[in-house]
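Asks: How does the following fold in three dimensions:
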Amino acid sequence: DLLLLGLSGPQYDHGAWMPNFPATMRNPPPQAKGTTSLESYLDTIPEVNSTSHIGALGCSWACLFNELLLSTYPDEHFTEEEPKRLIAAFQGHLAQISQEIQERNKSLPIPYHYLDPHQIGNITSI
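Replies: As a prediction, the model looks like this:
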């Protein structure tokens, strides 16, 4: 669902920086507001080596699966001309949308690429 992707896609940019979403913590979270300090925060988030191992694991995991992009179908399920024509038309339409998004992004201070079809995984490949 493209709406979900438009809302959740940017989460990676925020969550990929470990202090925003730590995978582990060395201390429990505070129980009351205003009781933390920089020292207690630094004592709670994971150490750098733990974070780098988790990051490396995530990168390795992602490399195991060559994500198929939207409208990419490596297996040929249709042999008739009409479905092939419709798939080609769909792929052409997505390429046009992608081109429009890339052109628009050239004028933006921060490009918004989350709904670019060339950046969206093929949901049916999950």
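Asks: quick one: the helices in the protein?
Replies: Along the chain, counting by DSSP state H, helices occupy 2-8, 11-15, 38-44, 48-64, 81-106.
Asks: between the ones you listed, which gets the lowest average pLDDT?
Replies: Note on those: lowest mean pLDDT is at helix 2-8, with a mean of 51.
Asks: Domains of this protein: list them as residue ranges, please.
Replies: According to automatic domain parsing, the chain comprises the domains 1-65, 67-126.
Asks: Could you export those domains as CSV, including mean neighbour count?
Replies: Bear in mind the C-beta positions are built from the backbone N, C-alpha and C, glycine included. Formatted as CSV, the domains of the chain follow (neighbours: other CB atoms under 10 Å):
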stretch, mean neighbour count
domain 1-65, 11
domain 67-126, 12
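Asks: Chain neighbours aside, what residue packs nearest to Pro74?
Replies: Spatially, and ignoring its direct neighbours in sequence, Pro74 is nearest to Leu68 (6.9 Å; CB to CB, 6 or more residues apart in numbering).
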